[in-house]
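Peer 1: only geometry, no sequence info:
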């Protein structure tokens, strides 16, 4: 896995593809694909209507009645309450969060998000249990800069 043994840091990589109706991505650890993801389209990091900026974010495990076991994405510039939780249609169900999905069905749409979230949390739980730091690194596909409008 993508564990930096010197500092007990694990990196979860999200590679995005930007579309007008939503963002699709792939989550992996150490080159091993975990699942796909969906998000809102890029709208200049505006609250509740945009995906978050590319970058590196610390993850925290969280359990709530509403979302069950999921992740909190910490320290997103200009944003709060960004989660990785289940939903299947970004434009209808998201307010800026990231959803793992088992299968992509179109820009910002997917299927079987609860199954994918369960798989993701099962993958991450040993790292959380050992109190290792988990970072989410978000990037676009190579040479794609549509997020920044260039």
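Peer 2: On my side now, so go ahead. Because the structure is predicted, anything quoted here is derived from the model rather than measured.
Peer 1: show me what the longest helix anywhere in the chain is packed against.
Peer 2: Determined from DSSP state H, the single longest helix within the chain is helix 113-129. For helix 113-129, the elements it packs on are strand 9-19, strand 32-39, strand 55-64, strand 68-73, strand 99-101, strand 133-140, judged by 3 or more C-beta pairs under 8 Å, 6 or more residues apart in numbering; DSSP states H and E. Just so you know, the C-beta spots here come from the backbone N, C-alpha and C atoms, and that holds for glycine as well.
Peer 1: so what's residue 17 bridging to?
Peer 2: Beta-bridge pairing for residue 17 (DSSP bridges): residue 24.
Peer 1: gap between it and residue 119?
Peer 2: 21 Å (C-beta to C-beta, to the nearest Å).
Peer 1: over to residue 90: give its phi and psi.
Peer 2: Phi and psi for residue 90, reported as degrees, to the nearest 10, are phi -60, psi -50.
Peer 1: with adjacent residues omitted, what lies nearest to it?
Peer 2: Leaving aside its chain neighbours, residue 90 sits nearest to residue 108 (3.7 Å; criterion: C-beta to C-beta, 6 or more residues apart in numbering).
Peer 1: go ahead and confirm the one you found touches residue 93.
Peer 2: No - look at residue 108 against residue 93 with C-beta atoms under 8 Å: they stay out of range, at 9.8 Å.
Peer 1: which one's more surrounded, those two?
Peer 2: Between residue 108 and residue 93, counted using other C-beta atoms under 10 Å, residue 108 has the larger neighbour count: 25 against 17.
Peer 1: center of this structure, which residue is that?
Peer 2: residue 98 (4.4 Å; C-alpha atoms, centre = their mean).
Peer 1: pretty sure that residue sits against residue 39.
Peer 2: Yes - using C-beta under 8 Å, residue 98 is in contact with residue 39, at 5.4 Å.
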